[in-house]
Each structure stands twice: as structure tokens, then as C-alpha cells.
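Peer 1: Build the 3D model from these lines:
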Amino acid sequence: MVKVITYGTYDLLHYGHIRLLERAKALGDYLIVGVTSDDYDKTRGKINNQQTLMERIAGVKATGLADEIIIEEYEGQKIDDIQRYGVDIFTVGSDWEGKFDYLNEYCKVVYLPRTEGVSSTEIRAEKRKLKVGVVGTTDFQKKFIQETKFVNGVDAVGVYAGGKKFSDDMVYTDTYDELLDMVDAVYIVSDPERHYEDVKKALLRNKHVLCESPVALKRSEAEELYSIAEERKLTLMDAIKTAYSTAYERLMLLAKGGRIGKIVSVDNVSTSLREKLNEEGTDLTNKWSSMCGWAPAALLPIFQIFGTDYADKSFVTRFIDKEKAIDAFTKIDFIYENGMASVKVGKGAKSEGEMVITGTKGYIYVPAPWWKTDYFEIRYEDPQDNKRFFYQLDGEGIRYMIVTFAKSVEDHRLPGYISKDVSCAIAGIMEDFIAGKNMTEI
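Peer 2: Have a look, this model is predicted:
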């Protein structure tokens, strides 16, 4: 029996895929089809698959051409599979010609001609693009626009920056209304005190919204915004890029899956001295205080692990200006029924930006900067039991966030990475901080 193996993503399975599988099947008696996993696709820069792994596997199975379907999960797996399954022929499309010649050492390599004029990339490109406008003036604006270029089906078409212009590559509108007339959705990175107003205006104009956290500075306002979005069947998504990175997703699954036992504490630090502050705080751009700039990301793992129903919380903070509008460094402590947590955030002080999740059997250590991690460790009492995990991270997670937002808009579903409860709880923390509730100043 001649065994043949081939690999592919098989996203939006089309006639070209089927023809390639038919040719592969004709080369032998038994066809093994490797379908690439989402994580492995990310390492190869393919982040915009429209279908899940299980949907793609189901598509291949439905052709009736595969005798066996396996999942490709890592670099170098092809050699392992060829040896494990006793493969006689490896085949792939001719656009990869020469790329896999090294496999001739293990089996025969055949490059098959592809069907002209059809591909998953072209099918995705033919879909109507989601036109996104950007609201705000911070560096996040530039990063977001750059990352949209890597995502099929999303086009950044304009910016409203209050009369300011940063480049000649984008269309800058004179008013927010003018921008809303041009787009299907907006990415809001305006001053935090404007978020509620800017988000609400977009939603009432039936535009989808991706907003830098916090979406509002009061819990009631955040809840109102989500209610409007639900009533109008619009996507309102909290733009904490950390939540969309593969490493963060995996460490949360491992933590909540019991790999370190019962979790008793979550502690993290997020600081930066990129902005130079004087004693009046006048050099801090756009009023993004330490709390607004760092606390949403720092609070995310705490609320996702322990929930938002904490028993008590307290603030210790050092303000840098007399009006107490800008905090240079703030520590927040939480007490839960069965655990505790703390975050330290600062734009006027520097510390090691790491995260430690403490459990009864071990702990998860995420090195600085934990919020942009592509690597973490699970550590135990016996170092020989320690495990290290590495994951690809492109565009600081912004690229994955844009993909998730676009899919949410297209599928008319709520994004699951950051729940409404967590987003509203973050707004509630901001509200209590601004009100000075249970706060100690130093």
C-alpha cells in the first residue's frame, strides 16, 4: 500500500483545495491530510483564518478524500509524521516548489500544480472590507493603523484627532461626525474622560466599537454602553491587547485548569517611564494617568481568575500633581473569599514588570513585560518538574485583537476574550479611584 501525506490550512475550503486533494489521492492508496492548528498558523504569520480548526477539519472530512486526518502543530512535524505513519510520498502545491526538497531523504516529494484563479486569500479579500476609523491622538493610533495592514478584510480609512495630523498616509477628518459617515466601525483611543461620550455617539450611529480600556470611567456608564450595543446588535469590544495573545490565553487556561493547584494569589506590576513627568504633571500626554494607562491590563488576570465579586479592595497612591488628576504610582489590593491579589501601576516610577500566579502546588511566573509575553514558566518545589512555554507574538497582540474584532462584527456574536462583567468592573475600579474610595495617599 502506497501512503501519501499532504498538509494545509484548508480555510474556506474551495474547488482549488478539492482538486489538490484529488491529485494527492491519485498518487497512492491511502491519503493522510494534515490540517494546521491555529497556534501553528500564527507562528507562520497566518492569523486571519475565518474558520476554527474543527470547522476546517470538518471541511476536509466532508470531501471524502482523506483516509486519515491529523493535526499539524509544530515546526519539523512533517519528518516525524512521515516516519511515524510509514509515508511513501509527500505532496504539496507547486507554489512551494523546492521548499520541501529536504524531505526526499525520507520519502518521495511531489509538487502538484495548483488550480489557477482561486485561493482562500482571494476569497477573503473579495469579502466587503470592514472600514474602520480611528479616534484619538496617542501612539496607539499609529500602531493600530500599521497592524490593520496585516489583517485581511479590515481597512483603516480615516482618523479624527481633534485637528492634529501625524502623517500624510491617512485621511484626517475635521469632525467626529465626518469620520462616522465614512466607516463601519471605530477604534477609540481618545482621552479616557471622553471614552463614554465617543463610544455612545458611535453606537447611536450604529457603528461597531473597539475601545481602549477603560470604556468608561463609571460602572453605570459602561453598563449603559453595553446595553446600547446589545439592543442594536453591535459589537462593543474592550481593547486590552494582552487578552488576545496566545501566551496569555494559554497561561490562563493552565492556571484555571489546576496545573498549580488551587490559586491563592495573583500579583503583577506594570510601569513605564516613557513619559517624562514634572511635579505638576504637565508633560503627561492626553491625561493617561497610571491607572488609566496600566490598570485595565493589570486587573484583567485578577478578574478572569477570581471574578469581579471581591470582598474588599484598597488603594495606595502617590499623585504627581496638586489637582490629583495624575497618579505617579498606585497599588491596589484585593481580598476575595478564597484568595488575594495586588497590582502596582506607575508612570512616575519604575519596577520589574512581572506577574506571579500563586497556587497550592506551584506557581506561574511571567517575566517582564508580562503584558506582552510570548513566554512563561510553571514552577514547582522540585525544579525538575518545571515547564516552559513559548508562543509566537506578532504586533504585541494588536493584530490578533483586530482579527477578533472583525470576526465578532462579521459573525454577529459577542467577543469572549473580555466579558462585559470584567469590562464594567474595570470601569467601577476607575470610578472608585477617582472618588478616592478607601484610598491612602503617600
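Peer 1: Tell me who's in contact with P296.
Peer 2: Counting by Cβ atoms under 8 Å, 6 or more residues apart in numbering, P296 makes contact with S213, P214, D238, I240, I426. Glycine gets a C-beta too; all of them are placed from N, C-alpha and C.
Peer 1: quick one: it is in a strand?
Peer 2: No - applying DSSP: H, G, I helix; E, B strand; the rest coil, one finds P296 to be helix, outside a strand.
Peer 1: And the spatially closest residue to it that is not a sequence neighbour, what's its pLDDT?
Peer 2: Leaving aside its sequence neighbours, P296 sits nearest to S213 (Cβ to Cβ, 6 or more residues apart in numbering; 3.4 Å). You'll see S213 listed with a pLDDT of 95.
Peer 1: Does S213 touch A239 like I think?
Peer 2: Yes - using Cβ atoms under 8 Å, S213 makes contact with A239 at a distance of 6.3 Å.
Peer 1: Same drill for the two, tell me which one is more crowded.
Peer 2: Higher neighbour count among S213 and A239: S213, with 27 against 23, using other Cβ atoms under 10 Å.
Peer 1: those helices in the stretch 151-300 of the chain, which residues are they?
Peer 2: Using DSSP state H, counting those that start in this stretch, the helices assigned to the stretch 151-300 of the chain run over residues 176-182, 195-204, 219-231, 246-256, 290-306.
Peer 1: Ok, which of those comes nearest E22?
Peer 2: helix 246-256 (33.9 Å; Cβ to Cβ).
Peer 1: Just the buried residues of the closest one, please?
Peer 2: Within helix 246-256, the residues that count as buried by 16 or more other Cβ atoms under 10 Å are T246, A247, Y248, E249, L251, M252, L254, A255.
Peer 1: Distance-wise, check the first one relative to I18.
Peer 2: Noted for T246: a distance of 30 Å to I18, by Cβ to Cβ, to the nearest Å.
Peer 1: Same check on the last one?
Peer 2: Counting by Cβ to Cβ, the gap between A255 and I18 amounts to 42 Å.
Peer 1: before we move on, what about the second one?
Peer 2: When Cβ to Cβ is applied, the distance between A247 and I18 equals 36 Å.
Peer 1: Okay, now the unreliable bits of the stretch 251-400 of the chain?
Peer 2: Applying pLDDT under 70 to the stretch 251-400 of the chain flags residues 275-287, 321-324.
Peer 1: contacting residues around the closest residue to V269 other than its chain neighbours?
Peer 2: Ranked by Cβ to Cβ, 6+ apart and with sequence neighbours excluded, the top spatial neighbour of V269 is K344, at 4.5 Å. K344 makes contact with N268, V269, S270, T271, A298, F329, T330, K331, S351, according to Cβ under 8 Å, 6+ apart.
Peer 1: The first one is in contact with S351, isn't it?
Peer 2: By that I understand N268. No - counting by Cβ under 8 Å, N268 sits too far from S351 to count as a contact (10.6 Å).
Peer 1: Tell me which of these two has more neighbours.
Peer 2: Shown here are N268 and S351; by other Cβ under 10 Å, N268 has more neighbours (25 against 13).
Peer 1: Tell me how far G348 lies from Y176.
Peer 2: Distance of G348 to Y176, computed by Cβ to Cβ: 31 Å.
Peer 1: which one of the buried residues of helix 246-256 sits closest to F140?
Peer 2: Checking the buried residues of helix 246-256 against F140 by Cβ to Cβ gives Y248 as the nearest, at 18.2 Å.
Peer 1: per-residue pLDDT, the nearest residue to that closest one once chain neighbours are set aside?
Peer 2: Nearest residue to Y248 in three dimensions, chain neighbours excluded: T242, at 5.4 Å (Cβ to Cβ, 6+ apart). Note for T242: predicted pLDDT of 94.
Peer 1: Hmm, T242 is touching K372, no?
Peer 2: Yes - between T242 and K372 there is a contact at 7.3 Å, judged by Cβ under 8 Å.
Peer 1: Counting neighbours around each, name which of the two comes out higher.
Peer 2: Neighbour count, other Cβ under 10 Å: between T242 and K372, T242 has more, with 24 against 16.
Peer 1: got the contact list for G353?
Peer 2: Applying Cβ under 8 Å, 6+ apart to G353 gives the contacts N268, V269, S270, T271, A368, P369, W370, W371.
Peer 1: Quick check: the gap between it and L273.
Peer 2: 11 Å.
Peer 1: again with Q304
Peer 2: From Q304 over to L273 the distance is 28 Å, taken as Cβ to Cβ.
Peer 1: who has more neighbours, those two?
Peer 2: When Q304 and L273 are compared for neighbours, Q304 comes out ahead with 19 against 11, by other Cβ under 10 Å.
Peer 1: Make sure that one is actually in contact with L253.
Peer 2: No - under the criterion of Cβ under 8 Å, Q304 makes no contact with L253, lying 10.6 Å away.
Peer 1: Give me the buried stretch members for stretch 362-372, please.
Peer 2: Neighbour counts using 16+ other Cβ under 10 Å place G362, Y363, I364, Y365, V366, A368, P369, W370, W371, K372 of stretch 362-372 among the buried residues.
Peer 1: strands paired with the host helix or strand of T358, and their directions?
Peer 2: Per DSSP states H and E: T358 is located in strand 355-359. Using DSSP bridges, strand 355-359 pairs in its sheet with strand 263-271 (antiparallel), strand 362-366 (antiparallel).
Peer 1: Of these, which is nearest L12?
Peer 2: Minimum separation from L12 across the strands paired with strand 355-359 (Cβ to Cβ) falls at strand 362-366, 35.2 Å.
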